[in-house]
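Asker: need a structure here:
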Amino acid sequence: MKDSGNIRTLIHDLVFNLINMTIKKSYYYLFYKLYKFWQVVSTPKIWSDWKAELCIDALILLLGASILVYYKVFVNRYFHFGDSNLPVIITCISISLINYFVFHHKSQWKEIVIRFDAYPPESHKRGSFVVGLVILAVIINLIFAFYLMSRVDWSHYR
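Answerer: Prediction:
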């Protein structure tokens, strides 16, 4: 009986670590592809790492905004976003700080770029397609959320 608990714990830890590593690797790859994008389109080719992080920050904020809109449309139509900008500012600073420590503290971004540069070109083609789809999905998701919000007759909830 004691061994089955250990096996369950081991399996749980293994699955959790696998999912965690996949999410972490995907997040790093998103940064890598955005970094490479900014390396190609920027003149001069400076601060591409910061531009990539800023894009990730923006994607997270867009995703968060769409979640809040969905909450307002489907769960609580009386929910008010508030008149203060303080929660938005705190959220933006928090996301930026987290991404700073993920990518820039101790220059981890350089290791990420070196690691993914070693991947074969075929995987980069697929990866570019997937990253493009993710970015497009986040943008379309926000547009759709605002569309749903526009379909509600808000005069009943004021």
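
Asker: Quickly note the distance from L34 to S26.
Answerer: 13 Å (Cβ to Cβ, to the nearest Å). To be clear about C-beta, it is placed using only N, CA and C from the backbone, and glycine gets the same treatment.

Asker: Isn't V152 up against V73?
Answerer: Yes. Assessed by Cβ atoms under 8 Å, V152 is found in contact with V73 at 6.1 Å.

Asker: quick one on the thing from earlier: neighbour count for L34 and S26, which is higher?
Answerer: Neighbours were counted for L34 and for S26 using other Cβ atoms under 10 Å; L34 has more, 21 against 14.

Asker: show me what contacts the more buried one?
Answerer: 51-52, 55-56, 131 (Cβ atoms under 8 Å, 6 or more residues apart in numbering).

Asker: and which of those residues is nearest R115?
Answerer: A52 (14.9 Å; Cβ to Cβ).

Asker: Excluding chain neighbours, give the residue nearest to the closest one in space.
Answerer: L34 (3.7 Å; Cβ to Cβ, 6 or more residues apart in numbering).

Asker: Kindly report the same for F146.
Answerer: V69 (6.4 Å).

Asker: Burial check on the one you found, number of neighbours?
Answerer: When neighbours are counted by other Cβ under 10 Å, V69 comes out with 19.
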